[in-house]
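K.L.:
structure, please.
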Amino acid sequence: DRLARSAIAGLPRTCRELVADVVVRIEEPAATETLDDLDIDDPLELTGLYHGRPLSEESVWSTGELPPMIRLFRQPLLAEWRETGVALKDLVHHVVIHEIGHHFGLSDEEMAAIEDSAD
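P.N.:
Modelled structure (predicted):
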(Lines give C-alpha, C1' and ligand atoms only; values in the text may rest on other atoms or scores of the structure.)
Protein backbone atom coordinates (compact mmCIF):
# COMPACT_ATOMS: atom_id res chain seq x y z
CA ASP A 1 0.00 0.00 0.00
CA ARG A 2 2.82 2.38 0.90
CA LEU A 3 4.59 1.75 -2.41
CA ALA A 4 1.38 2.26 -4.39
CA ARG A 5 0.62 5.51 -2.59
CA SER A 6 4.20 6.66 -3.20
CA ALA A 7 3.78 6.01 -6.94
CA ILE A 8 0.61 8.11 -6.98
CA ALA A 9 2.21 10.85 -4.88
CA GLY A 10 4.99 11.09 -7.48
CA LEU A 11 2.58 11.95 -10.28
CA PRO A 12 2.26 15.52 -11.53
CA ARG A 13 -0.36 17.48 -9.56
CA THR A 14 -2.90 17.45 -12.41
CA CYS A 15 -2.70 13.66 -12.70
CA ARG A 16 -2.94 13.23 -8.91
CA GLU A 17 -6.12 15.30 -8.95
CA LEU A 18 -7.60 13.08 -11.67
CA VAL A 19 -6.92 9.90 -9.65
CA ALA A 20 -7.86 11.32 -6.24
CA ASP A 21 -11.08 9.27 -6.13
CA VAL A 22 -9.47 6.00 -7.25
CA VAL A 23 -9.43 3.41 -4.47
CA VAL A 24 -6.26 1.29 -4.19
CA ARG A 25 -6.65 -2.16 -2.65
CA ILE A 26 -3.96 -4.71 -1.93
CA GLU A 27 -5.14 -8.29 -2.21
CA GLU A 28 -3.71 -11.76 -2.38
CA PRO A 29 -3.88 -13.47 -5.78
CA ALA A 30 -7.00 -12.69 -7.77
CA ALA A 31 -10.04 -14.86 -7.20
CA THR A 32 -10.54 -17.81 -9.54
CA GLU A 33 -13.62 -16.11 -10.99
CA THR A 34 -11.57 -13.00 -11.90
CA LEU A 35 -8.84 -15.12 -13.47
CA ASP A 36 -11.42 -17.11 -15.44
CA ASP A 37 -13.07 -13.88 -16.68
CA LEU A 38 -9.67 -12.72 -17.95
CA ASP A 39 -8.74 -16.17 -19.33
CA ILE A 40 -5.65 -16.34 -17.09
CA ASP A 41 -4.56 -19.80 -15.91
CA ASP A 42 -1.73 -18.87 -13.54
CA PRO A 43 -2.78 -16.63 -10.62
CA LEU A 44 0.78 -15.28 -10.44
CA GLU A 45 0.40 -13.70 -13.89
CA LEU A 46 -2.02 -10.99 -12.73
CA THR A 47 -0.28 -8.26 -10.73
CA GLY A 48 -2.89 -5.51 -11.03
CA LEU A 49 -6.38 -4.79 -12.30
CA TYR A 50 -8.45 -1.66 -12.86
CA HIS A 51 -12.19 -1.64 -12.20
CA GLY A 52 -14.35 1.29 -13.10
CA ARG A 53 -15.46 3.67 -15.78
CA PRO A 54 -12.51 5.35 -17.51
CA LEU A 55 -12.44 9.15 -17.33
CA SER A 56 -13.00 9.24 -21.10
CA GLU A 57 -16.44 7.67 -20.52
CA GLU A 58 -17.49 9.79 -17.53
CA SER A 59 -20.76 11.65 -17.79
CA VAL A 60 -22.95 13.77 -15.56
CA TRP A 61 -25.48 10.97 -16.08
CA SER A 62 -23.16 8.39 -14.48
CA THR A 63 -24.46 8.03 -10.95
CA GLY A 64 -24.76 5.33 -8.35
CA GLU A 65 -21.54 3.59 -9.28
CA LEU A 66 -18.79 2.49 -6.94
CA PRO A 67 -15.61 4.55 -7.20
CA PRO A 68 -12.94 3.37 -9.62
CA MET A 69 -10.50 0.92 -8.09
CA ILE A 70 -7.00 -0.35 -8.68
CA ARG A 71 -6.45 -3.81 -7.26
CA LEU A 72 -2.84 -4.84 -6.69
CA PHE A 73 -2.14 -8.52 -6.07
CA ARG A 74 0.55 -8.95 -3.43
CA GLN A 75 1.69 -12.53 -4.05
CA PRO A 76 2.05 -12.13 -7.84
CA LEU A 77 3.95 -8.85 -7.33
CA LEU A 78 6.32 -10.51 -4.87
CA ALA A 79 6.79 -13.49 -7.21
CA GLU A 80 7.66 -11.18 -10.13
CA TRP A 81 10.01 -9.19 -7.91
CA ARG A 82 11.89 -12.36 -6.90
CA GLU A 83 11.90 -13.71 -10.46
CA THR A 84 13.05 -10.54 -12.25
CA GLY A 85 15.18 -8.82 -9.63
CA VAL A 86 13.49 -5.51 -10.47
CA ALA A 87 13.24 -3.33 -7.35
CA LEU A 88 9.84 -3.89 -5.71
CA LYS A 89 9.26 -0.13 -5.61
CA ASP A 90 9.83 0.09 -9.38
CA LEU A 91 7.63 -2.91 -10.08
CA VAL A 92 4.72 -1.57 -8.01
CA HIS A 93 5.19 1.87 -9.61
CA HIS A 94 4.99 0.32 -13.08
CA VAL A 95 1.81 -1.64 -12.28
CA VAL A 96 0.12 1.36 -10.61
CA ILE A 97 0.93 3.62 -13.57
CA HIS A 98 -0.33 0.93 -15.96
CA GLU A 99 -3.64 0.67 -14.10
CA ILE A 100 -3.93 4.48 -13.95
CA GLY A 101 -3.56 4.36 -17.74
CA HIS A 102 -6.78 2.33 -17.85
CA HIS A 103 -8.43 4.97 -15.65
CA PHE A 104 -7.48 7.50 -18.33
CA GLY A 105 -9.04 5.25 -20.99
CA LEU A 106 -5.88 3.76 -22.52
CA SER A 107 -5.84 0.16 -23.72
CA ASP A 108 -3.04 -2.31 -22.98
CA GLU A 109 -1.89 -1.95 -26.59
CA GLU A 110 -1.74 1.86 -26.36
CA MET A 111 0.25 1.70 -23.12
CA ALA A 112 2.65 -0.84 -24.61
CA ALA A 113 3.22 1.48 -27.58
CA ILE A 114 3.93 4.40 -25.24
CA GLU A 115 6.39 2.29 -23.22
CA ASP A 116 8.09 1.05 -26.40
CA SER A 117 8.51 4.59 -27.72
CA ALA A 118 10.13 5.66 -24.43
CA ASP A 119 12.84 2.98 -24.67
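
K.L.:
residue boundaries of the strands in this structure?
P.N.:
All strands of the chain, identified by DSSP state E, fall at 23-27, 48-51, 69-73.

K.L.:
can you tell me which of those strands is packed in deepest?
P.N.:
Of all the strands of the chain, strand 69-73 carries the top mean neighbour count, a mean of 20, counting by mean count of other CB atoms under 10 Å. Just so you know, the C-beta spots here come from the backbone N, C-alpha and C atoms, and that holds for glycine as well.

K.L.:
just the helices in this structure please.
P.N.:
2-9, 13-18, 32-37, 74-84, 88-103, 108-118 (DSSP state H).

K.L.:
of all those, which one is nearest P43?
P.N.:
With CB to CB, the closest approach to P43 among these belongs to helix 32-37: 5.9 Å.

K.L.:
for the closest one, what is the average pLDDT?
P.N.:
Here helix 32-37 scores 96 as its mean pLDDT.
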